[in-house]
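Give me coordinates for this.
(2 chains)
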Amino acid sequence: MIIPPNENGWSYDDSTGNWKLVYADKVIIFYEETNVSIATQSTLFVGTHEECEKQIVKEGLSWPVEVEITA
Amino acid sequence: MILTNSSAAEVGTSNVTAIASSTASFRHFMCYFVTTISAAISGTTGLIKNGIGGLTLSGVCNYTGPTQINAGQIAISSASTLNGVISGAGSLTKTGTTALTIGGSNTYSGGTLSAPSSATGTITFAQNNAFGTGLFTSAGPSQIITASSATLTNDFQINAVQSLQFRVNTATTILTLSGNIAGSGSISKTSTGQLRLNGTLSYTGSTFIGAGTLRALKTTGASTATASFTTGLSVSFNVSPPSGTTTFRFFQGSTTNSYPSVTLVGVPVGTTATYTSATSTLAVTVP
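The predicted structure follows:
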């Protein structure tokens, strides 16, 4: 489920035994199974691995893509 | 002058334009002045460079034997592949606009100078000790590329107005730099892999993350902040910073990317943070 932000715009979760998915603008910022707390200004989704994978598909999330640069 | 099958030979100021075939284990070059070999060098025979003068290999070099730089430097300017082990007290220089591939795990100790005339003058490597044990200096629009996870223990120097691009190909590839990065130039991280900067980062130029992940560490007080810069920024703490505001500065120069939202891992509820790209600092406020 998506953890709603507090009045300051931060979402927080310190549950154990879950996968934690953070994303912004359709790009994944953090995705791990962890018992450590997460505080974020981006969207925070917490659930089982299957639930997170479904969320990734539903939202069309992806890992950062390459940006070509010239030196 | 052409030298083959010799263990004690001398090259003067004349440039070498042809390489005779050799059945010996090595080609020996003694250079007291800058000498250029414009011919291609191939085959299985290795190369030994002696003398304080530079030896420029401007032809395509694809020989598979070892390269022993006992003194001075060897400069490579054409598209070449050196898969044999590079050893000795001398240095290796990359110039020109074409790619150099270094396939070996090397022991040369005189350092590496990357001074290409354009960003296409890349160096591709695959081994932990690709650049030997000496200092790696970027004196041009340098780009080093790997598709293999590796750890480089070299210190890096990025000269003024210059840049060093780390292209870490494939998402599962991790390139770890355990040495320090100094100088007034800038660095950039491209392609989908991860670059881990574990040494002291005193370079004062900018830091750009084009893709993948750049990981940097900063310890303030009892807390080590491990920052993963991607499209977003997530920072993990081994120990939460204490109550109040604690500042972590990851780079001495600016971060080209902006991170208006931050993700913190391992902090108490109510913790907030702000990343300032101009100073590459993270200010964490714990209630």
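
Kindly report the residues of the stretch 51-200 of chain B close to chain A.
B:A119, B:P141, B:S142, B:Q143, B:S163, B:Q165, B:A171, B:S188, B:T190, B:S191, B:T192 (C-beta under 8 Å from any C-beta of the partner chain). For glycine as for every other residue, the C-beta is placed from the backbone atoms N, C-alpha and C.

okay if I get the residues you listed as JSON lines plus neighbour count and secondary structure?
Output for those, formatted as JSON lines (neighbours: other C-beta atoms under 10 Å in any protein chain shown; DSSP: H, G, I helix; E, B strand; the rest coil):
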{"residue": "B:A119", "neighbour count": "16", "secondary structure": "coil"}
{"residue": "B:P141", "neighbour count": "21", "secondary structure": "strand"}
{"residue": "B:S142", "neighbour count": "29", "secondary structure": "strand"}
{"residue": "B:Q143", "neighbour count": "25", "secondary structure": "strand"}
{"residue": "B:S163", "neighbour count": "22", "secondary structure": "strand"}
{"residue": "B:Q165", "neighbour count": "23", "secondary structure": "strand"}
{"residue": "B:A171", "neighbour count": "14", "secondary structure": "coil"}
{"residue": "B:S188", "neighbour count": "22", "secondary structure": "strand"}
{"residue": "B:T190", "neighbour count": "23", "secondary structure": "strand"}
{"residue": "B:S191", "neighbour count": "22", "secondary structure": "coil"}
{"residue": "B:T192", "neighbour count": "18", "secondary structure": "coil"}
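
May I ask which two of those residues are separated the most?
Distance extremes for those: the farthest pair is B:P141 and B:A171 at 25.4 Å, using C-beta to C-beta.

since we're on B:S117, how many residues are nearby?
12 (other C-beta atoms under 10 Å in any protein chain shown).

Who are the packing partners of the one helix or strand in chain A whose mean pLDDT sits lowest?
For chain A, counting by mean pLDDT, DSSP states H and E, strand A:27-34 ranks last in confidence among helices and strands (a mean of 90). Applying 3 or more C-beta pairs under 8 Å, 6 or more residues apart in numbering or on different chains; DSSP states H and E, we find strand A:27-34 packed against strand A:18-24, strand A:38-40, helix A:49-59, strand B:233-237, strand B:262-265.

can you tell me how far B:F29 sits from chain A?
From B:F29 across to chain A, the span is 32 Å (C-beta to the nearest C-beta, to the nearest Å).

Please name the nearest non-neighbouring residue to that residue.
Spatial nearest neighbour of B:F29, chain neighbours left out: B:K49 (5.2 Å); criterion: C-beta to C-beta, 6 or more residues apart in numbering or on different chains.

quick one: what helix or strand has the one you found in it?
strand B:46-50 (DSSP states H and E).

Just the buried residues of that strand, please?
B:G46, B:L47, B:I48, B:K49, B:N50 (16 or more other C-beta atoms under 10 Å in any protein chain shown).

so what's the fourth one bridging to?
By that I understand B:K49. Beta bridges link B:K49 to B:F29, B:I69, judged by DSSP bridges.

what's near enough to touch it?
Contact analysis of B:K49 by C-beta atoms under 8 Å, 6 or more residues apart in numbering or on different chains lists B:F29, B:C31, B:L55, B:T67, B:Q68, B:I69, B:N70, B:A71, B:G72, B:I74, B:G88, B:G90.

Separate out the buried members of those residues.
B:F29, B:C31, B:L55, B:T67, B:Q68, B:I69, B:N70, B:A71, B:G72, B:I74, B:G88, B:G90.

quick check, nearest of those to chain A?
Nearest to chain A among these is B:I74, at 23.8 Å by C-beta to the nearest C-beta.

isn't that closest one right up against B:Q68?
No - under the contact definition of C-beta atoms under 8 Å, B:I74 does not touch B:Q68, with a separation of 9.8 Å.

got any residues that touch both of these two?
Any residue near both B:I74 and B:Q68 by C-beta under 8 Å, 6+ apart counts here, and that gives B:L47, B:K49.

all helices of the stretch 51-200 of chain B, in order?
Secondary structure of the stretch 51-200 of chain B by DSSP state H, counting those that start in this stretch: no helices are present.

and B:S277, how many neighbours?
Neighbour tally, B:S277, other C-beta under 10 Å: 17.

how about low-confidence regions in the chain?
Just so you know, I chose chain A. By pLDDT under 70, the low-scoring segments of chain A are A:64-71.

try chain B instead
Looking at chain B by pLDDT under 70, you get B:1-26.
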